[in-house]
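1. dropping the sequence and predicted coords here.
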There are 2 protein chains.
Amino acid sequence: MTTARLHSSATSQSSTKNGANGVRQRRSLEARHKLIEATIACLDKFGYADTSIARIQDQASVSRGALTHHFPSKEELVIATIDSLLETLLRPSLPSKKLSQTDIVADLRWLARNMTGTARGRALSEVLMATRTDKKLSARVNRRLTDWNTKLDEAVVGFYASPTGDDDDVRQIWMIARTFMRGLILQQPFTPDPAQIEQAINRFGALIAPYLETRKREGVTDA
Amino acid sequence: MTTARLHSSATSQSSTKNGANGVRQRRSLEARHKLIEATIACLDKFGYADTSIARIQDQASVSRGALTHHFPSKEELVIATIDSLLETLLRPSLPSKKLSQTDIVADLRWLARNMTGTARGRALSEVLMATRTDKKLSARVNRRLTDWNTKLDEAVVGFYASPTGDDDDVRQIWMIARTFMRGLILQQPFTPDPAQIEQAINRFGALIAPYLETRKREGVTDA
DNA sequence: CCTTACAGAACGATTGTTCTGCTTGTAAAG
DNA sequence: CTTTACAAGCAGAACAATCGTTCTGTAAGG
(Lines give C-alpha, C1' and ligand atoms only; values in the text may rest on other atoms or scores of the structure.)
Protein backbone atom coordinates (compact mmCIF):
# COMPACT_ATOMS: atom_id res chain seq x y z
CA MET A 1 0.00 0.00 0.00
CA THR A 2 2.89 2.27 -0.57
CA THR A 3 1.78 5.49 -2.05
CA ALA A 4 3.69 7.14 -4.81
CA ARG A 5 6.98 7.69 -3.13
CA LEU A 6 7.95 10.62 -5.20
CA HIS A 7 10.55 11.72 -2.75
CA SER A 8 10.27 15.36 -3.59
CA SER A 9 12.72 16.95 -5.90
CA ALA A 10 16.30 17.75 -5.14
CA THR A 11 15.72 21.20 -3.85
CA SER A 12 12.97 20.51 -1.44
CA GLN A 13 14.37 19.32 1.86
CA SER A 14 12.96 22.46 3.45
CA SER A 15 11.96 20.23 6.28
CA THR A 16 8.65 20.70 7.89
CA LYS A 17 7.97 23.43 10.33
CA ASN A 18 10.36 21.62 12.55
CA GLY A 19 13.56 23.53 13.09
CA ALA A 20 15.11 20.99 15.39
CA ASN A 21 17.31 18.41 13.73
CA GLY A 22 15.54 15.11 13.89
CA VAL A 23 17.64 11.99 13.85
CA ARG A 24 15.62 10.88 10.91
CA GLN A 25 16.20 13.92 8.76
CA ARG A 26 19.84 14.20 9.65
CA ARG A 27 20.61 10.64 8.60
CA SER A 28 18.72 11.14 5.40
CA LEU A 29 20.76 14.18 4.50
CA GLU A 30 23.91 12.34 5.41
CA ALA A 31 23.00 9.45 3.17
CA ARG A 32 22.15 11.76 0.30
CA HIS A 33 25.41 13.59 0.74
CA LYS A 34 27.38 10.37 0.83
CA LEU A 35 25.72 9.14 -2.32
CA ILE A 36 26.35 12.37 -4.18
CA GLU A 37 29.99 12.35 -3.17
CA ALA A 38 30.26 8.75 -4.33
CA THR A 39 28.73 9.69 -7.65
CA ILE A 40 31.28 12.45 -8.10
CA ALA A 41 34.09 10.06 -7.29
CA CYS A 42 32.79 7.52 -9.78
CA LEU A 43 32.33 10.10 -12.52
CA ASP A 44 35.92 11.15 -12.01
CA LYS A 45 37.31 7.63 -11.80
CA PHE A 46 35.24 5.75 -14.35
CA GLY A 47 33.72 8.44 -16.52
CA TYR A 48 30.06 8.93 -17.26
CA ALA A 49 29.78 5.82 -19.42
CA ASP A 50 30.99 3.44 -16.72
CA THR A 51 29.35 5.09 -13.75
CA SER A 52 26.69 2.55 -12.83
CA ILE A 53 24.41 2.42 -9.85
CA ALA A 54 26.17 -0.68 -8.62
CA ARG A 55 29.49 1.14 -8.63
CA ILE A 56 28.05 4.15 -6.88
CA GLN A 57 26.48 2.16 -4.08
CA ASP A 58 29.71 0.26 -3.73
CA GLN A 59 31.74 3.45 -3.55
CA ALA A 60 29.35 4.90 -0.99
CA SER A 61 29.18 1.70 1.06
CA VAL A 62 25.43 1.93 0.96
CA SER A 63 22.90 -0.73 0.24
CA ARG A 64 21.01 -0.69 -3.00
CA GLY A 65 17.79 -0.28 -1.15
CA ALA A 66 19.02 2.87 0.53
CA LEU A 67 20.17 4.30 -2.76
CA THR A 68 16.91 3.69 -4.55
CA HIS A 69 15.08 5.07 -1.57
CA HIS A 70 16.82 8.43 -1.69
CA PHE A 71 17.08 8.58 -5.47
CA PRO A 72 14.32 6.60 -7.18
CA SER A 73 16.11 6.77 -10.51
CA LYS A 74 19.61 7.28 -11.74
CA GLU A 75 18.61 10.50 -13.38
CA GLU A 76 17.55 11.97 -10.05
CA LEU A 77 20.90 11.10 -8.56
CA VAL A 78 22.79 12.64 -11.45
CA ILE A 79 20.78 15.84 -11.24
CA ALA A 80 21.30 16.12 -7.52
CA THR A 81 24.99 15.59 -8.16
CA ILE A 82 25.05 18.35 -10.75
CA ASP A 83 23.37 20.68 -8.28
CA SER A 84 25.98 19.87 -5.71
CA LEU A 85 28.79 20.40 -8.21
CA LEU A 86 27.50 23.74 -9.38
CA GLU A 87 27.08 24.96 -5.85
CA THR A 88 30.50 24.00 -4.60
CA LEU A 89 32.20 25.19 -7.77
CA LEU A 90 30.53 28.56 -7.56
CA ARG A 91 30.88 29.25 -3.88
CA PRO A 92 34.64 29.66 -3.66
CA SER A 93 34.66 32.30 -6.34
CA LEU A 94 31.93 34.36 -4.81
CA PRO A 95 33.48 35.34 -1.50
CA SER A 96 36.69 35.57 -3.46
CA LYS A 97 38.98 34.46 -0.76
CA LYS A 98 40.94 32.78 -3.48
CA LEU A 99 40.94 35.31 -6.25
CA SER A 100 43.91 37.57 -5.91
CA GLN A 101 42.31 40.19 -8.15
CA THR A 102 45.71 41.60 -8.92
CA ASP A 103 47.50 38.78 -10.62
CA ILE A 104 45.21 37.65 -13.40
CA VAL A 105 47.44 34.80 -14.41
CA ALA A 106 47.37 33.47 -10.88
CA ASP A 107 43.60 33.65 -10.93
CA LEU A 108 43.57 31.71 -14.16
CA ARG A 109 45.77 29.05 -12.69
CA TRP A 110 43.35 28.74 -9.84
CA LEU A 111 40.52 28.48 -12.34
CA ALA A 112 42.32 25.78 -14.26
CA ARG A 113 43.02 23.81 -11.14
CA ASN A 114 39.41 24.13 -10.13
CA MET A 115 38.08 22.88 -13.45
CA THR A 116 40.55 20.20 -14.45
CA GLY A 117 42.63 19.50 -11.37
CA THR A 118 39.91 18.43 -9.00
CA ALA A 119 37.56 15.49 -8.92
CA ARG A 120 34.57 17.82 -8.86
CA GLY A 121 35.73 19.75 -11.90
CA ARG A 122 36.36 16.60 -13.88
CA ALA A 123 33.06 15.11 -12.77
CA LEU A 124 31.25 18.18 -14.03
CA SER A 125 33.00 17.87 -17.36
CA GLU A 126 31.76 14.31 -17.63
CA VAL A 127 28.14 15.26 -17.12
CA LEU A 128 28.49 18.28 -19.38
CA MET A 129 29.59 16.02 -22.17
CA ALA A 130 26.71 13.69 -21.38
CA THR A 131 24.14 16.46 -21.60
CA ARG A 132 25.10 17.00 -25.21
CA THR A 133 23.38 13.79 -26.28
CA ASP A 134 21.14 12.94 -23.33
CA LYS A 135 18.17 15.11 -24.12
CA LYS A 136 16.19 14.07 -21.10
CA LEU A 137 19.01 15.05 -18.79
CA SER A 138 19.73 18.16 -20.78
CA ALA A 139 16.14 19.35 -20.48
CA ARG A 140 16.31 19.14 -16.73
CA VAL A 141 19.63 20.87 -16.15
CA ASN A 142 19.84 23.41 -18.94
CA ARG A 143 18.23 26.11 -16.91
CA ARG A 144 20.47 25.47 -13.95
CA LEU A 145 23.57 25.66 -16.09
CA THR A 146 22.69 28.89 -17.79
CA ASP A 147 21.68 30.45 -14.49
CA TRP A 148 24.93 29.33 -12.96
CA ASN A 149 26.84 30.82 -15.86
CA THR A 150 25.06 34.12 -15.46
CA LYS A 151 25.73 34.19 -11.74
CA LEU A 152 29.39 33.51 -12.36
CA ASP A 153 29.51 36.31 -14.91
CA GLU A 154 28.12 38.76 -12.42
CA ALA A 155 30.60 37.66 -9.79
CA VAL A 156 33.47 38.18 -12.18
CA VAL A 157 32.23 41.61 -13.18
CA GLY A 158 32.37 42.46 -9.51
CA PHE A 159 36.08 41.78 -9.50
CA TYR A 160 37.27 42.89 -12.88
CA ALA A 161 36.62 45.76 -15.23
CA SER A 162 37.48 46.42 -18.82
CA PRO A 163 39.79 49.31 -19.79
CA THR A 164 37.06 50.28 -22.20
CA GLY A 165 34.56 50.36 -19.37
CA ASP A 166 32.37 47.80 -21.08
CA ASP A 167 31.29 45.14 -18.60
CA ASP A 168 30.11 42.90 -21.41
CA ASP A 169 33.67 42.67 -22.55
CA VAL A 170 34.71 41.38 -19.15
CA ARG A 171 32.01 38.76 -19.37
CA GLN A 172 33.14 37.73 -22.81
CA ILE A 173 36.79 37.50 -21.86
CA TRP A 174 36.02 35.31 -18.89
CA MET A 175 33.66 33.17 -20.90
CA ILE A 176 36.54 32.61 -23.29
CA ALA A 177 38.77 31.81 -20.36
CA ARG A 178 36.35 29.25 -18.97
CA THR A 179 35.94 27.70 -22.40
CA PHE A 180 39.69 27.39 -22.74
CA MET A 181 39.94 25.75 -19.33
CA ARG A 182 37.26 23.25 -20.19
CA GLY A 183 39.08 22.45 -23.39
CA LEU A 184 42.14 21.45 -21.40
CA ILE A 185 40.45 18.24 -20.38
CA LEU A 186 39.97 17.24 -23.99
CA GLN A 187 43.39 18.50 -25.04
CA GLN A 188 45.21 16.51 -22.38
CA PRO A 189 45.40 13.28 -24.38
CA PHE A 190 47.21 15.20 -27.09
CA THR A 191 49.55 17.01 -24.73
CA PRO A 192 50.53 14.68 -21.92
CA ASP A 193 53.29 16.94 -20.63
CA PRO A 194 51.95 18.88 -17.65
CA ALA A 195 54.59 21.56 -18.07
CA GLN A 196 53.38 22.30 -21.56
CA ILE A 197 49.84 22.63 -20.26
CA GLU A 198 50.97 25.02 -17.56
CA GLN A 199 52.88 27.12 -20.04
CA ALA A 200 49.81 27.32 -22.22
CA ILE A 201 47.77 28.51 -19.27
CA ASN A 202 50.30 31.19 -18.48
CA ARG A 203 50.45 32.26 -22.07
CA PHE A 204 46.70 32.42 -22.29
CA GLY A 205 46.68 34.59 -19.22
CA ALA A 206 49.12 36.93 -20.87
CA LEU A 207 46.84 37.11 -23.90
CA ILE A 208 43.81 38.29 -21.98
CA ALA A 209 45.51 40.26 -19.20
CA PRO A 210 45.62 43.53 -21.17
CA TYR A 211 41.84 43.54 -21.35
CA LEU A 212 41.18 43.16 -17.65
CA GLU A 213 41.66 45.59 -14.83
CA THR A 214 41.16 45.27 -11.13
CA ARG A 215 37.94 46.92 -10.19
CA LYS A 216 38.06 49.45 -7.45
CA ARG A 217 36.93 47.41 -4.54
CA GLU A 218 34.08 49.00 -2.71
CA GLY A 219 31.79 47.33 -0.31
CA VAL A 220 31.56 43.88 -1.77
CA THR A 221 29.33 42.39 0.78
CA ASP A 222 28.68 38.89 -0.26
CA ALA A 223 25.04 38.18 0.14
CA MET B 1 35.42 10.54 -54.36
CA THR B 2 35.41 9.38 -50.83
CA THR B 3 37.55 6.33 -51.04
CA ALA B 4 38.68 6.52 -47.50
CA ARG B 5 41.88 4.66 -47.10
CA LEU B 6 41.66 2.86 -43.84
CA HIS B 7 44.67 0.97 -42.81
CA SER B 8 43.85 -1.98 -40.69
CA SER B 9 45.83 -0.55 -37.85
CA ALA B 10 47.17 -2.60 -35.01
CA THR B 11 45.85 -5.93 -36.14
CA SER B 12 46.91 -7.77 -39.23
CA GLN B 13 48.32 -5.47 -41.83
CA SER B 14 45.92 -6.97 -44.32
CA SER B 15 48.18 -8.32 -47.00
CA THR B 16 49.45 -5.68 -49.33
CA LYS B 17 51.02 -8.09 -51.73
CA ASN B 18 47.97 -8.10 -53.88
CA GLY B 19 47.63 -5.03 -56.03
CA ALA B 20 44.49 -6.09 -57.83
CA ASN B 21 41.25 -5.31 -56.07
CA GLY B 22 39.46 -8.54 -55.46
CA VAL B 23 35.74 -8.59 -54.93
CA ARG B 24 36.45 -10.11 -51.59
CA GLN B 25 38.79 -7.42 -50.34
CA ARG B 26 36.73 -4.61 -51.75
CA ARG B 27 33.59 -5.70 -49.95
CA SER B 28 35.52 -6.14 -46.77
CA LEU B 29 36.85 -2.61 -46.94
CA GLU B 30 33.40 -1.35 -47.74
CA ALA B 31 31.94 -3.09 -44.73
CA ARG B 32 34.66 -1.75 -42.47
CA HIS B 33 34.12 1.73 -43.79
CA LYS B 34 30.39 1.50 -43.30
CA LEU B 35 30.83 0.30 -39.72
CA ILE B 36 33.27 3.06 -38.88
CA GLU B 37 30.94 5.68 -40.32
CA ALA B 38 28.09 4.20 -38.33
CA THR B 39 30.20 4.36 -35.19
CA ILE B 40 30.92 8.01 -35.81
CA ALA B 41 27.24 8.70 -36.34
CA CYS B 42 26.34 6.92 -33.12
CA LEU B 43 29.01 8.68 -31.10
CA ASP B 44 27.64 11.96 -32.35
CA LYS B 45 24.00 11.08 -31.82
CA PHE B 46 24.08 9.04 -28.62
CA GLY B 47 27.40 9.90 -27.02
CA TYR B 48 30.07 7.46 -25.96
CA ALA B 49 28.06 6.07 -23.06
CA ASP B 50 25.11 5.02 -25.20
CA THR B 51 26.99 3.87 -28.24
CA SER B 52 26.44 0.13 -28.12
CA ILE B 53 27.31 -2.53 -30.63
CA ALA B 54 23.64 -3.16 -31.25
CA ARG B 55 23.11 0.47 -32.13
CA ILE B 56 26.11 0.56 -34.40
CA GLN B 57 25.10 -2.50 -36.36
CA ASP B 58 21.64 -1.10 -36.62
CA GLN B 59 22.92 2.23 -37.89
CA ALA B 60 25.16 0.48 -40.40
CA SER B 61 22.45 -1.95 -41.51
CA VAL B 62 24.88 -4.76 -40.99
CA SER B 63 24.39 -8.05 -39.27
CA ARG B 64 25.97 -8.69 -35.95
CA GLY B 65 27.97 -11.51 -37.41
CA ALA B 66 29.50 -9.21 -39.99
CA LEU B 67 30.39 -6.67 -37.35
CA THR B 68 32.10 -9.13 -35.07
CA HIS B 69 33.89 -10.57 -38.04
CA HIS B 70 35.52 -7.30 -39.00
CA PHE B 71 35.97 -6.07 -35.45
CA PRO B 72 36.27 -8.89 -32.95
CA SER B 73 35.79 -6.52 -30.06
CA LYS B 74 34.26 -3.15 -29.46
CA GLU B 75 37.64 -1.74 -28.60
CA GLU B 76 38.98 -2.61 -32.02
CA LEU B 77 36.11 -0.82 -33.66
CA VAL B 78 36.58 2.25 -31.55
CA ILE B 79 40.27 2.38 -32.30
CA ALA B 80 39.70 2.01 -36.02
CA THR B 81 37.15 4.79 -35.74
CA ILE B 82 39.64 7.03 -33.99
CA ASP B 83 42.16 6.37 -36.72
CA SER B 84 39.63 7.32 -39.32
CA LEU B 85 38.70 10.47 -37.44
CA LEU B 86 42.26 11.61 -36.99
CA GLU B 87 43.04 11.06 -40.64
CA THR B 88 40.07 12.90 -42.04
CA LEU B 89 40.40 15.71 -39.54
CA LEU B 90 44.04 16.20 -40.39
CA ARG B 91 43.88 15.94 -44.14
CA PRO B 92 41.93 19.11 -44.92
CA SER B 93 44.38 21.23 -43.01
CA LEU B 94 47.41 19.80 -44.67
CA PRO B 95 46.85 20.73 -48.30
CA SER B 96 45.32 23.89 -46.92
CA LYS B 97 42.74 24.37 -49.55
CA LYS B 98 40.61 25.71 -46.76
CA LEU B 99 42.98 27.81 -44.78
CA SER B 100 42.99 31.33 -46.10
CA GLN B 101 46.31 32.08 -44.44
CA THR B 102 45.52 35.74 -44.50
CA ASP B 103 42.44 36.03 -42.36
CA ILE B 104 43.28 34.34 -39.12
CA VAL B 105 39.83 34.78 -37.70
CA ALA B 106 38.35 33.08 -40.73
CA ASP B 107 40.73 30.20 -40.24
CA LEU B 108 39.64 29.93 -36.63
CA ARG B 109 36.03 29.85 -37.65
CA TRP B 110 36.83 27.00 -39.98
CA LEU B 111 38.64 25.26 -37.14
CA ALA B 112 35.69 25.71 -34.83
CA ARG B 113 33.29 24.36 -37.41
CA ASN B 114 35.58 21.41 -37.98
CA MET B 115 35.82 20.54 -34.30
CA THR B 116 32.36 21.29 -32.96
CA GLY B 117 30.15 21.75 -36.00
CA THR B 118 30.61 18.38 -37.64
CA ALA B 119 29.69 14.87 -36.64
CA ARG B 120 33.32 13.78 -36.92
CA GLY B 121 34.54 16.55 -34.67
CA ARG B 122 31.94 15.82 -32.03
CA ALA B 123 32.58 12.09 -32.27
CA LEU B 124 36.26 12.68 -31.63
CA SER B 125 35.40 14.76 -28.59
CA GLU B 126 33.37 11.88 -27.24
CA VAL B 127 36.22 9.41 -27.50
CA LEU B 128 38.70 11.95 -26.17
CA MET B 129 36.62 12.28 -23.06
CA ALA B 130 36.38 8.51 -22.82
CA THR B 131 40.15 8.07 -22.99
CA ARG B 132 40.47 10.05 -19.80
CA THR B 133 39.10 7.21 -17.72
CA ASP B 134 39.35 4.19 -20.02
CA LYS B 135 42.96 3.26 -19.43
CA LYS B 136 42.91 0.33 -21.80
CA LEU B 137 41.71 2.50 -24.63
CA SER B 138 44.00 5.31 -23.62
CA ALA B 139 47.04 3.06 -23.76
CA ARG B 140 46.26 2.10 -27.31
CA VAL B 141 45.60 5.53 -28.75
CA ASN B 142 47.85 7.83 -26.76
CA ARG B 143 50.69 7.52 -29.19
CA ARG B 144 48.46 8.18 -32.16
CA LEU B 145 47.02 11.29 -30.56
CA THR B 146 50.37 12.83 -29.66
CA ASP B 147 51.74 12.02 -33.10
CA TRP B 148 48.71 13.58 -34.69
CA ASN B 149 49.15 16.66 -32.55
CA THR B 150 52.77 16.97 -33.57
CA LYS B 151 51.92 16.58 -37.23
CA LEU B 152 49.29 19.26 -36.94
CA ASP B 153 51.77 21.56 -35.24
CA GLU B 154 54.21 21.17 -38.08
CA ALA B 155 51.52 21.83 -40.64
CA VAL B 156 50.53 25.01 -38.87
CA VAL B 157 54.12 26.19 -38.65
CA GLY B 158 54.21 25.80 -42.40
CA PHE B 159 51.47 28.38 -42.73
CA TYR B 160 52.08 30.81 -39.94
CA ALA B 161 55.05 32.48 -38.33
CA SER B 162 55.56 34.48 -35.19
CA PRO B 163 56.57 38.15 -35.30
CA THR B 164 59.32 37.13 -32.91
CA GLY B 165 60.48 34.46 -35.28
CA ASP B 166 59.96 31.76 -32.71
CA ASP B 167 58.19 28.80 -34.24
CA ASP B 168 57.49 27.34 -30.82
CA ASP B 169 55.32 30.34 -30.14
CA VAL B 170 53.24 29.56 -33.20
CA ARG B 171 52.81 26.03 -31.96
CA GLN B 172 51.77 27.26 -28.54
CA ILE B 173 49.29 29.77 -29.88
CA TRP B 174 47.62 27.18 -32.05
CA MET B 175 47.62 24.66 -29.27
CA ILE B 176 45.76 27.24 -27.21
CA ALA B 177 43.40 27.81 -30.11
CA ARG B 178 42.64 24.13 -30.44
CA THR B 179 42.11 23.84 -26.71
CA PHE B 180 39.68 26.72 -26.81
CA MET B 181 37.78 25.13 -29.67
CA ARG B 182 37.49 21.84 -27.84
CA GLY B 183 36.20 23.68 -24.80
CA LEU B 184 33.33 25.05 -26.86
CA ILE B 185 31.65 21.65 -26.77
CA LEU B 186 31.64 21.67 -22.99
CA GLN B 187 30.72 25.34 -22.78
CA GLN B 188 27.71 25.01 -25.05
CA PRO B 189 25.30 23.86 -22.30
CA PHE B 190 26.10 27.08 -20.45
CA THR B 191 25.83 29.30 -23.49
CA PRO B 192 23.02 28.08 -25.70
CA ASP B 193 22.99 31.18 -27.87
CA PRO B 194 24.95 30.42 -31.08
CA ALA B 195 25.55 34.10 -31.71
CA GLN B 196 27.33 34.43 -28.40
CA ILE B 197 29.53 31.48 -29.28
CA GLU B 198 30.39 32.99 -32.62
CA GLN B 199 31.25 36.31 -31.05
CA ALA B 200 33.52 34.57 -28.62
CA ILE B 201 35.29 32.83 -31.48
CA ASN B 202 35.80 36.13 -33.27
CA ARG B 203 37.04 37.76 -30.13
CA PHE B 204 39.43 34.94 -29.46
CA GLY B 205 40.75 35.33 -32.98
CA ALA B 206 41.38 38.98 -32.32
CA LEU B 207 43.26 38.06 -29.17
CA ILE B 208 45.76 35.82 -30.90
CA ALA B 209 45.95 37.52 -34.29
CA PRO B 210 48.74 39.93 -33.27
CA TYR B 211 51.00 36.99 -32.60
CA LEU B 212 50.61 35.28 -35.95
CA GLU B 213 51.87 36.28 -39.36
CA THR B 214 51.41 34.74 -42.74
CA ARG B 215 54.51 32.85 -43.65
CA LYS B 216 56.06 33.62 -46.97
CA ARG B 217 54.68 30.84 -49.06
CA GLU B 218 57.38 28.97 -50.86
CA GLY B 219 57.00 25.59 -52.41
CA VAL B 220 54.62 23.93 -50.04
CA THR B 221 54.44 20.58 -51.67
CA ASP B 222 52.26 18.47 -49.54
CA ALA B 223 53.94 15.15 -49.02
C1' DC C 1 38.98 -27.21 -51.61
C1' DC C 2 39.72 -23.98 -48.27
C1' DT C 3 39.73 -19.71 -46.40
C1' DT C 4 37.19 -15.51 -45.95
C1' DA C 5 32.64 -13.16 -45.36
C1' DC C 6 28.80 -13.20 -43.20
C1' DA C 7 24.19 -14.62 -40.56
C1' DG C 8 22.30 -15.33 -36.22
C1' DA C 9 21.57 -17.90 -32.00
C1' DA C 10 23.32 -18.47 -27.32
C1' DC C 11 26.01 -17.00 -23.60
C1' DG C 12 26.83 -15.08 -18.87
C1' DA C 13 27.38 -10.67 -16.96
C1' DT C 14 25.57 -6.29 -15.91
C1' DT C 15 22.32 -2.58 -16.62
C1' DG C 16 18.44 0.27 -14.04
C1' DT C 17 14.04 -0.40 -11.96
C1' DT C 18 10.44 -2.50 -9.11
C1' DC C 19 8.90 -4.93 -5.38
C1' DT C 20 8.57 -7.20 -0.67
C1' DG C 21 9.71 -7.20 4.03
C1' DC C 22 11.78 -5.43 8.24
C1' DT C 23 13.34 -1.83 11.41
C1' DT C 24 12.78 2.51 13.62
C1' DG C 25 11.99 7.46 14.39
C1' DT C 26 8.21 10.42 15.50
C1' DA C 27 4.12 12.53 16.60
C1' DA C 28 -0.53 12.09 18.02
C1' DA C 29 -3.64 9.81 21.36
C1' DG C 30 -4.49 8.21 25.84
C1' DC D 1 4.91 9.87 30.52
C1' DT D 2 3.39 5.98 28.19
C1' DT D 3 1.18 3.83 24.35
C1' DT D 4 0.17 3.32 19.72
C1' DA D 5 -0.03 3.88 14.83
C1' DC D 6 2.13 5.04 10.67
C1' DA D 7 5.28 6.64 7.45
C1' DA D 8 10.29 7.00 6.53
C1' DG D 9 14.54 4.66 6.24
C1' DC D 10 16.66 0.81 4.63
C1' DA D 11 18.11 -4.12 3.21
C1' DG D 12 18.03 -7.21 -0.52
C1' DA D 13 15.71 -10.27 -3.85
C1' DA D 14 13.52 -10.38 -8.39
C1' DC D 15 12.88 -8.32 -12.77
C1' DA D 16 13.17 -7.70 -17.84
C1' DA D 17 16.26 -5.51 -20.83
C1' DT D 18 20.57 -4.87 -22.74
C1' DC D 19 25.49 -5.24 -22.61
C1' DG D 20 29.73 -7.39 -25.32
C1' DT D 21 31.52 -11.78 -26.54
C1' DT D 22 31.58 -16.48 -28.27
C1' DC D 23 29.92 -19.94 -30.80
C1' DT D 24 27.88 -22.75 -34.76
C1' DG D 25 26.35 -22.88 -39.34
C1' DT D 26 26.10 -21.34 -44.31
C1' DA D 27 27.39 -19.15 -48.71
C1' DA D 28 30.87 -17.85 -51.88
C1' DG D 29 35.25 -15.87 -53.73
C1' DG D 30 40.06 -17.40 -54.80
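-> Yes, it's here. Numbering: from 1, shown residues only, chains lettered A, B, ... in the order given.

2. how far away is the residue of chain A found nearest DNA strand C from A:Ser28?
-> Residue nearest to DNA strand C within chain A: A:Gly22 (2.5 Å; C-beta to the nearest atom of the strand). For every residue, glycine as well, the C-beta is placed using N, CA and C. Going from A:Gly22 to A:Ser28 by C-beta to C-beta, to the nearest Å gives 9 Å.

3. for A:Cys42, same thing?
-> A:Cys42 is 21 Å from A:Ser28, by C-beta to C-beta.

4. which of those two has more residues huddled nearby?
-> A:Cys42 (26 against 16; other C-beta atoms under 10 Å in any protein chain shown).

5. skip the chain neighbours and tell me the closest residue to that one.
-> Leaving aside its chain neighbours, A:Cys42 sits nearest to A:Thr51 (4.4 Å; criterion: C-beta to C-beta, 6 or more residues apart in numbering or on different chains).

6. quick one: contacts for the one you found?
-> A:39, A:42-43, A:126 (C-beta atoms under 8 Å, 6 or more residues apart in numbering or on different chains).

7. got the phi/psi numbers for it?
-> phi -90, psi 100 (degrees, to the nearest 10).

8. what does chain A put close to DNA strand D?
-> A:3, A:5, A:7, A:24-25, A:27-28, A:31, A:62-66, A:68-70 (C-beta under 7 Å from any atom of the strand).

9. again, 6 Å this time
-> A:24-25, A:27-28, A:31, A:62-66, A:68-69 (C-beta under 6 Å from any atom of the strand).

10. check the residues you listed and tell me the two furthest apart.
-> A:Gln25 and A:Arg64 (22.1 Å; C-beta to C-beta).

11. what helix or strand is the residue in chain A positioned nearest to chain B located in?
-> Closest to chain B within chain A is A:Gly183: 2.9 Å, counting by C-beta to the nearest C-beta. Per DSSP states H and E: A:Gly183 is located in helix A:167-187.

12. in that helix, what counts as buried?
-> A:167, A:169-187 (16 or more other C-beta atoms under 10 Å in any protein chain shown).

13. can you check the pLDDT for the closest residue to A:Asn142 other than its chain neighbours?
-> Leaving aside its sequence neighbours, A:Asn142 sits nearest to B:Pro189 (C-beta to C-beta, 6+ apart; 6.5 Å). You'll see B:Pro189 listed with a pLDDT of 98.

14. next one: A:Ile104
-> The model's pLDDT for A:Ile104 equals 88.

15. what number of residues are in the vicinity of the nearest residue to it once chain neighbours are set aside?
-> In space, and not counting its chain neighbours, A:Ile104 is closest to A:Ala209: 4.8 Å by C-beta to C-beta, 6+ apart. The number of residues packed near A:Ala209 is 14, by other C-beta under 10 Å.

16. for the one 4 residues further on, same thing?
-> By the measure other C-beta under 10 Å, the count of residues near A:Glu213 is 15.

17. okay, now the closest residue in space to it that isn't next to it in sequence: neighbour count?
-> In this structure, A:Glu213 finds its nearest non-sequential neighbour in A:Ala161, 5.0 Å apart by C-beta to C-beta, 6+ apart. A:Ala161 has 17 neighbouring residues, counting by other C-beta under 10 Å.

18. wait, A:Arg215 sits on A:Val156?
-> No: A:Arg215 is beyond contact range of A:Val156, at 9.9 Å (criterion: C-beta atoms under 8 Å).

19. so for those two, which sits in the more crowded spot?
-> More crowded of A:Arg215 and A:Val156, by other C-beta under 10 Å: A:Val156, with 23 against 17.

20. and the pLDDT for the more buried one?
-> At A:Val156, pLDDT is 90.

21. does it really touch A:Asp169, like I thought?
-> No: contact criterion C-beta under 8 Å: A:Val156 and A:Asp169 do not qualify, at 11.5 Å.

22. now the closest residue in space to A:Met175 that isn't next to it in sequence: which helix or strand?
-> Spatial nearest neighbour of A:Met175, chain neighbours left out: B:Ala200 (5.9 Å); criterion: C-beta to C-beta, 6+ apart. Assigned by DSSP H and E, B:Ala200 belongs to helix B:194-208.

23. quick one: secondary structure of A:His33?
-> helix (DSSP: H, G, I helix; E, B strand; the rest coil).

24. how near is it to A:Ile56?
-> 13 Å.

25. if you count what's nearby, which of these two comes out ahead?
-> Set A:His33 next to A:Ile56 and count neighbours by other C-beta under 10 Å: A:Ile56 wins out with 27 against 13.
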